[in-house]
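Take this sequence and fold it.
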Amino acid sequence: MAEPLRLITTEGRQRQGKYTNECEGLFYVALVAPEFSRTRIKLGFSTNIETRLGKHRVISPNIRVLKTWECKKKWERVGLDYLSKHCTPVGSEVYECHDIQGLLRSGDKLFNLFESET
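Here you go, the predicted model:
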């Protein structure tokens, strides 16, 4: 079961939205604007995928998740680095990917390795 979001205290104040590296959530691959491009994707991590997609829908109303993997926050950077090898960077965690199936297979391999750590 996923660990609840922890608030980090900084100088006696709590800041919402920050979580520890041990926090569990989902790493996701999403088509940013499937009505315009089948190759523009977003890679990311979230402890609440529906809330995260709601934020993305402000600028990309038709964003569609292709795949998710359960993982800890600390694996996000590894996931981004490893999976983005299939892509060309476009913006912040947004990529142009002409081999999405290869990227998804690589994600399966990578995140299966992480499962053995939990």
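
For the rest of this, base every contact and every neighbour count on C-alpha atoms.
Will do.

Neighbours of residue 31, how many?
Residue 31 is flanked by 25 other residues according to other Cα atoms under 10 Å.

For it, give the beta-bridge partners.
residue 41, residue 64 (DSSP bridges).

so who does it touch?
Residue 31 makes contacts with 37, 38, 39, 40, 41, 42, 63, 64, 65, 66, as judged by Cα atoms under 8 Å, 6 or more residues apart in numbering.

swap in residue 27?
For residue 27, the contacting residues are 43, 44, 45, 46, 68, 69, 70, 71, 76, 79, taking Cα under 8 Å, 6+ apart as the criterion.

so where's this structure uncertain?
Along the chain, the model assigns pLDDT under 70 to residues 1-19, 116-118.

Any idea which residue is closest to the centre of it?
Nearest to the mean C-alpha position of the chain, by Cα atoms, centre = their mean, lies residue 44 at 2.0 Å.
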